[in-house]
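Peer 1: any chance you could fold what I've pasted below:
(chains A and B)
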Amino acid sequence: MKFMNPLKGAVRVFLTSLIIVAILALIIFIVIKLIPVPPVREIESAISAISDASVRQAPVYSKKLFSEAEAAYDSAMTRWKKENKKFIFFRDYKEVAEYAKLSQKKANEAARNSELSSIELETRIKEKINSLRKICTKIDTNFGRYPLHDNQWSRFSKGKLLLQEGEIAFSKNQLLTANIKITDAENLILEVYQNATAELKNYFNSYPAWKKWYETSVAQSAKNNSYLILVDKFARKCYLYYNGKKKYEFEVELGKNWAGDKRRMGDKATPEGKYEVVRKYQGRETAYYKSLAISYPNSEDIARFKSEIAGGSLPPSSKIGGGIEIHGGGGKGVDWTDGCVALTNADMDKLFPLIKTGTPVTIVGSLRSLDEIMNFENE
Amino acid sequence: MKSKILTGFAITVMVAFLSSCGKVPQAQIDQANSAIDSARAAQADVYLPADFAALQDSMRAVNAYIEGQKSKLFKNYGPVKEDLTKVVTLARTVSENAAVKKEEVKKEVETLMTDIKNVIQENNKLFPRAPRGKEGAAVLEQMKTEMGTIDAAVTEAQGMYDQGKYMDALNKIKAAKESADNINNELKEAIKKVGGRI
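Peer 2: Modelled structure (predicted):
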């Protein structure tokens, strides 16, 4: 009987085991190598990019790109789920990784775009707010007593409220809401401003004539050593000149529809032109404390009235009107007369004794040009 | 014989262990999704957009992890169960906070509604007492037009409130209240100037 060397046997067992382990390790290695690697890193990067874009408010300020990033991410996940349902060795994650990378790219773009858009929007809104506030002040200052249509004031008021709403949204960093409100406000405010300015420009077409009337009237006052009553409707002032020099200045109130020359009876406009005092009333003779009736209509008013009737711009039944006076009862703070010029009773007390019948009265739309008033040249 | 029994037991334990870790926690995923839907229903995306976005990010990470595990030979869903529990908790917190925020906004709108109605009433009483001297009446006319616009804004805000659009109603009513307050202050100032008592 031959005995096996125990050491030799152990070596053989060891070597056999080693070979088996090595073969097994090789098989496992090959199997692992054959399993496709899932695009975990790409997906994680996409999630991180979407999260970052979201923090930078891309869903608000870069909505389209952000939606595209989300859609690409969803596509990646859908495809990943689909691939995972296949047998492990037959999976292919290439498309998943591509969609994940696309999602990351779009999300990064959305984040950058959002930052730029929000900064740009913020700047734009700030500028718009400042500009609209200035326009509101201009409207209040220049048109506060201008007879704009009621609906224009109501639109202006709506515009101001929307502007305020926009400013509140802006202060809360709700830039999109602010932008919508301020754009709506801008439409209303600019519309009112443009309409009012156009009306005013149209009115001021007569400025050269007003200037001429003023110059000739003052020159005449200087030449004749006489009094002159000069009314500036836009400034709501009545000046008393003597010997070509201004002596007194009074506040006045006019007809409700003062902007424009008087065309007919009942239009509540204060006439413009060169007139003279034709009669003085006081006490029971007048309902307005003291009054100076003027020579409206003058020959030019009559000619224009006739021409308007003939041209059809006034109905044939229209009357030219009359009874225009400079009278007391003023100080109400609004334009309330039917076309007369109202002073306070105290001012009438100063003016009345100095004026005789025949004193020239010149009524102009404005002594200052529209550019001076509105500062158009600075716009 | 004894060793065979032990081996069999060990294999059973191993299989049980591996199968428990390798099973997608579908019930918890459904619970998390449902909690996120509840947060959306509570308008967390409107009242707490940042928190809601963070919640969505968490769920995205969980989904990515789950798919990652599904892609592996040996799956381990153990850690994600904890994450899902966190998502559910976070979603509930976000829902609750959104409800609180919504209620706060609603209350603020209600308070402003009451306040503005009082200011409008006071303004209506102050108008006849305001001086109508130089420029005064013209300014009063403008104020009245503005009050008309404010009334319309209050009606509009009330409509938004009735529709549950509290955020929109809040901005509108705040702007209207500021305007009404400005008018109130101007009226009081004007009355004081002529020696009237407020």
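
Peer 1: longest single helix anywhere in chain A?
Peer 2: helix A:94-143 (DSSP state H).

Peer 1: wait, A:Ile125 sits on A:Asn179?
Peer 2: Yes: contact status for A:Ile125 versus A:Asn179: in contact at 5.8 Å, counting by Cβ atoms under 8 Å. In this view, the C-beta of every residue, glycine as well, is placed from N, C-alpha and C.

Peer 1: and those two? Which one has more around it.
Peer 2: Shown here are A:Ile125 and A:Asn179; by other Cβ atoms under 10 Å in any protein chain shown, A:Ile125 has more neighbours (21 against 18).

Peer 1: quick one: A:Arg263 and chain B, what's the gap?
Peer 2: Taking Cβ to the nearest Cβ, to the nearest Å as the measure, A:Arg263 falls 24 Å from chain B.

Peer 1: that residue reaches A:Ser307, doesn't it?
Peer 2: No: judged on Cβ under 8 Å, A:Arg263 makes no contact with A:Ser307 at a distance of 10.8 Å.

Peer 1: give me the more crowded residue out of those two.
Peer 2: Taking neighbours as other Cβ under 10 Å, A:Arg263 and A:Ser307 compare with A:Arg263 leading, 17 against 11.

Peer 1: quick check: residues of the stretch 251-379 of chain A near chain B?
Peer 2: Residues of the stretch 251-379 of chain A lying close to chain B by Cβ under 8 Å from any Cβ of the partner chain are A:251, A:331-336.

Peer 1: go on, the stretch 1-150 of chain A?
Peer 2: Contact residues, the stretch 1-150 of chain A versus chain B (Cβ under 8 Å from any Cβ): A:31-32, A:35-36, A:38, A:40, A:43-44, A:47, A:50-51, A:54-55, A:59, A:73, A:77, A:80-81, A:83-84, A:88, A:91, A:93, A:140, A:144-145, A:150.

Peer 1: do that again at 7 Å, thanks
Peer 2: Proximity of the stretch 1-150 of chain A to chain B (Cβ under 7 Å from any Cβ of the partner chain) is limited to residues A:35, A:38, A:40, A:43-44, A:47, A:51, A:54, A:77, A:80-81, A:84, A:88, A:144-145.

Peer 1: among those, which one is most surrounded by other residues?
Peer 2: That'd be A:Ile43 among those, by other Cβ under 10 Å, with 29 neighbours.

Peer 1: and A:Gly255, backbone torsions?
Peer 2: Dihedral pair for A:Gly255: phi -70, psi 150, per degrees, to the nearest 10.

Peer 1: tell me who's in contact with it.
Peer 2: Contacts for A:Gly255 (Cβ atoms under 7 Å, 6 or more residues apart in numbering or on different chains) come out as A:268-270, A:335, A:337-339.

Peer 1: and of those, the nearest to chain B?
Peer 2: Lowest distance from chain B to the contacts of A:Gly255 (Cβ to the nearest Cβ) belongs to A:Asp335, with 7.7 Å.

Peer 1: neighbours of that closest one, how many?
Peer 2: 23.

Peer 1: what do you get for the one 5 residues further on?
Peer 2: Applying the criterion other Cβ under 10 Å, we find 25 residues in the vicinity of A:Cys340.

Peer 1: that one and A:Pro36: what is the separation?
Peer 2: Separation of A:Cys340 from A:Pro36 (Cβ to Cβ, to the nearest Å): 97 Å.

Peer 1: then A:Phe143?
Peer 2: 75 Å.

Peer 1: contacting residues for A:Lys8?
Peer 2: Taking Cβ under 7 Å, 6+ apart, one finds nothing in contact with A:Lys8.

Peer 1: ditto for B:Ala99
Peer 2: B:Ala42.

Peer 1: pLDDT score for it?
Peer 2: Per-residue pLDDT puts B:Ala99 at 96.

Peer 1: so which strand or helix has it?
Peer 2: For B:Ala99, the host element (DSSP states H and E) is helix B:78-126.

Peer 1: model confidence for the spatially most central residue of chain B, exactly?
Peer 2: The centroid of chain B falls nearest to B:Tyr47 when counting by Cα atoms, centre = their mean (1.7 Å). pLDDT, B:Tyr47: 94.

Peer 1: please report the distance of it from chain A.
Peer 2: As for B:Tyr47, its distance to chain A is 13 Å (criterion: Cβ to the nearest Cβ).

Peer 1: surely that residue and B:Val100 touch.
Peer 2: No: with contact defined as Cβ atoms under 7 Å, B:Tyr47 does not count as touching B:Val100 (8.7 Å).

Peer 1: burial check on the residue lying closest to A:Ser217 once chain neighbours are set aside, number of neighbours?
Peer 2: Leaving aside its chain neighbours, A:Ser217 sits nearest to A:Thr362 (4.2 Å; criterion: Cβ to Cβ, 6 or more residues apart in numbering or on different chains). Neighbour count of A:Thr362, defined by other Cβ under 10 Å: 24.

Peer 1: what pairs with the helix or strand hosting A:Thr362, parallel or antiparallel?
Peer 2: In this structure, A:Thr362 sits in strand A:360-364 according to DSSP H and E. Strand A:360-364 has these partner strands in its sheet, going by DSSP bridges: strand A:227-232 (parallel), strand A:273-282 (antiparallel).

Peer 1: most packed of those strands?
Peer 2: Highest mean neighbour count among the strands paired with strand A:360-364 (mean count of other Cβ atoms under 10 Å in any protein chain shown): strand A:227-232, with a mean of 23.

Peer 1: after that one comes which helix or strand?
Peer 2: strand A:237-242.

Peer 1: ok so, going back, now, the residues of the stretch 251-379 of chain A next to chain B that are in strands?
Peer 2: A:Glu251 (DSSP state E).

Peer 1: out of the residues of the stretch 251-379 of chain A next to chain B, who has the most neighbours?
Peer 2: Going by other Cβ under 10 Å, A:Asp335 tops these with 23 neighbours.

Peer 1: gap between that residue and A:Leu200?
Peer 2: Counting by Cβ to Cβ, the gap from A:Asp335 to A:Leu200 is 16 Å.

Peer 1: which SS class is A:Pro297?
Peer 2: Under DSSP: H, G, I helix; E, B strand; the rest coil, A:Pro297 falls in the coil class.

Peer 1: can you report how many residues neighbour B:Gly22?
Peer 2: Using other Cβ under 10 Å, B:Gly22 has 16 neighbouring residues.

Peer 1: err, A:Phe66, not the other one
Peer 2: Using other Cβ under 10 Å: A:Phe66 sits among 25 other residues.
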